[in-house]
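Peer 1: Turn this into a model:
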Amino acid sequence: MRGRRPAYLFSEGTLSDTLEAQRQRAIQAVEQVPKDQFLATAVDTLVEHLVAQYAITPIAVQEDQMTMDQKEAKVNVTGRFDYFNGHDGREIFANGHELTFFLPFTGDPLLWKLRPNTYGSMPPTGEVDTRQSLLKFTITNTSNTDAEQYKRDMQERLSGIREHVGWQLQTIAPFNQALPGQLRAAIEQRRTRLEQLHGLAGSFGIPMVKKSGMPDFRPIEMAKRVPRPLPRPPATGFKPEPAITEATYEDLLAVIRHAGASFEGTPQTYMSLGEDGLRDNVLSHINVLFEGKATGETFRKYGKTDIRIEEESRSAFVGECKLWSGEKVLLDALTQLLGYLTWRDCKAALIFFNKDVAGFSGVQETIGTALATHPGFLRAKETGRAGEWRFVFQATEDPAREVTVHVFAFNLYVAPERSTKRR
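Peer 2: Predicted coordinates for the structure are as follows:
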């Protein structure tokens, strides 16, 4: 009776070929999104949706959760020097033990079949239970084998598994890192092609220009999932809508940043101002630097605390100024902002002034964590600046519309003793 052929792992195909095929499928998927849905969905959302489908989850074994089963077995000892059979050609079996180990894992089970670019001459063996996410492997030996030998055999098997999983990761990690950029490039190429085909200019820019002779602000050096379904396409089909450009948005944020730095530099000067007064100061900085079409008064104040740029009664930019009084005012201000009638590509700023809290680092920590809990949260973006955060949220009125929100927190707190001395 001959034993079963060993079930070798990492030996049914090459990982590099499989990853290239996966990359091609991901790029093809860009072309398969229906046109109106494609044009109506933000690039970042498309990238996230496709990355969630086509990124590879590498294998991670959980050795600390491994379990074992044991039973008696007949062990084939034919040819072993310690079981001489007189060279008569017959197979010899001896009493022994079979230890079966159950190793939990996470990641794509298909990877157990794929050979990494680096691999050993003798791959490890085992059987994969995809339903339970378990790798099962067995070790058998005779009854007179000591326990230490079983341990050494088990560790040798685990070592081979670890090595091959690690070699796979060396190829998978660069693939996953490159995939978002490759998808973004394919998405932007298709978007440009569709715009040219239909004579669109995408989201046409609301005219805004810097006043002649005005300086640029030099930045201050600071210390440094199942995919979400794509929004449904508009019932009437995609139509381009007004927007301000990314460059204009960054210029606006630079003006606000400069104004806030001025406030922080002489906080006693601004301590007596409420939300209206602080908002008006920010507004004056903006209107000094920018002029809009026709009236030169693109930026106007609406209601009590906000600054807007509008076109056809919808907001393309909204700035909300608030005095800091805790997490509730933060989330309420965001909900208020997301409830505005916005264009599909709306950009916004939440500007908080802390006048009452001595522990400003606690304020910053609250802002950084609380906004990500909002039900409309889509993603966070890196700003590279202390005291600033950037998030993307779904607009309240239409999940297909996204609002980019840049958050500032400026510290105007003055200790009571310092405030008294100034008087």
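
Peer 1: What confidence value was assigned to G120?
Peer 2: pLDDT, the model's per-residue confidence, is 79 for G120.

Peer 1: typo on my end, Q168
Peer 2: 95.

Peer 1: ditto for Y150
Peer 2: We have a pLDDT of 86 for Y150.

Peer 1: Name the nearest residue to H285, ignoring sequence neighbours.
Peer 2: Distances taken as Cβ to Cβ, 6 or more residues apart in numbering put A259 closest to H285, at 4.3 Å, once the chain neighbours are dropped. Backbone N, C-alpha and C define where each C-beta goes, glycine included.

Peer 1: Was I right to think that neighbour contacts N281?
Peer 2: Yes - between A259 and N281 there is a contact at 6.4 Å, judged by Cβ atoms under 8 Å.

Peer 1: which of those two has more neighbours?
Peer 2: Using other Cβ atoms under 10 Å, the more surrounded residue of A259 and N281 is A259, with 21 against 17.

Peer 1: can you pull the contacts of the more buried one?
Peer 2: N281, V282, H285 (Cβ atoms under 8 Å, 6 or more residues apart in numbering).

Peer 1: between those residues, which is nearest K113?
Peer 2: Nearest to K113 among the contacts of A259: V282, at 59.5 Å, using Cβ to Cβ.

Peer 1: The closest one sits in which helix or strand?
Peer 2: Here V282 sits within helix 275-289, counting by DSSP states H and E.

Peer 1: centre of the chain versus that helix, how much separation?
Peer 2: Chain-centre distance of helix 275-289: 34 Å, with Cα atoms, centre = their mean, to the nearest Å.

Peer 1: Can you show me the CA trace of that helix as PDB?
Peer 2: The C-alpha trace of helix 275-289 is given here as PDB (Å, rounded to 0.1, in the frame of the first residue of the first chain):
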ATOM      1  CA  GLU A 275     -17.800  84.500  15.800                       C
ATOM      2  CA  ASP A 276     -19.000  87.400  13.700                       C
ATOM      3  CA  GLY A 277     -16.000  89.500  14.300                       C
ATOM      4  CA  LEU A 278     -13.500  86.700  13.600                       C
ATOM      5  CA  ARG A 279     -15.400  85.700  10.500                       C
ATOM      6  CA  ASP A 280     -15.300  89.300   9.200                       C
ATOM      7  CA  ASN A 281     -11.500  89.400   9.700                       C
ATOM      8  CA  VAL A 282     -11.100  86.200   7.700                       C
ATOM      9  CA  LEU A 283     -13.400  87.500   5.100                       C
ATOM     10  CA  SER A 284     -11.400  90.800   4.800                       C
ATOM     11  CA  HIS A 285      -8.200  88.800   4.200                       C
ATOM     12  CA  ILE A 286      -9.900  86.800   1.400                       C
ATOM     13  CA  ASN A 287     -11.400  89.800  -0.300                       C
ATOM     14  CA  VAL A 288      -8.100  91.700  -0.200                       C
ATOM     15  CA  LEU A 289      -6.400  88.900  -2.200                       C
END
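
Peer 1: could you say what helices and strands that helix packs with?
Peer 2: If you count contacts as 3 or more Cβ pairs under 8 Å, 6 or more residues apart in numbering; DSSP states H and E, helix 275-289 packs onto helix 246-265, helix 267-270, strand 300-302, strand 306-311, strand 314-323, strand 342-354.

Peer 1: Tell me which of the ones you listed sits most buried.
Peer 2: Compared across the helices and strands packed on helix 275-289, strand 342-354 shows the largest average neighbour count, a mean of 24 (mean count of other Cβ atoms under 10 Å).

Peer 1: on that earlier part again, just put the contacts of A259 in a markdown table and tack on distance to D146 and pLDDT.
Peer 2: Formatted as a markdown table, the contacts of A259 follow (distance: Cβ to Cβ, whole Å; pLDDT from 0 to 100):
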| residue | distance to D146 | pLDDT |
| --- | --- | --- |
| N281 | 82 | 85 |
| V282 | 78 | 86 |
| H285 | 81 | 80 |
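
Peer 1: now those in JSON lines, with distance to F377?
Peer 2: Shown next, in JSON lines, are those (distance: Cβ to Cβ, whole Å):
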{"residue": "N281", "distance to F377": "30"}
{"residue": "V282", "distance to F377": "25"}
{"residue": "H285", "distance to F377": "29"}
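
Peer 1: Tell me the one among these nearest to A415.
Peer 2: Nearest to A415 among the contacts of A259: N281, at 22.6 Å, using Cβ to Cβ.

Peer 1: E72 in helix, strand or coil?
Peer 2: Secondary structure state of E72, per DSSP: H, G, I helix; E, B strand; the rest coil, is strand.

Peer 1: which one is it nearest to, not counting chain neighbours?
Peer 2: Spatial nearest neighbour of E72, excluding adjacent residues (Cβ to Cβ, 6+ apart): H97 at 6.4 Å.

Peer 1: Surely the one you found touches K74?
Peer 2: No - in this structure, H97 is not within contact of K74 by Cβ under 8 Å, at 10.6 Å.
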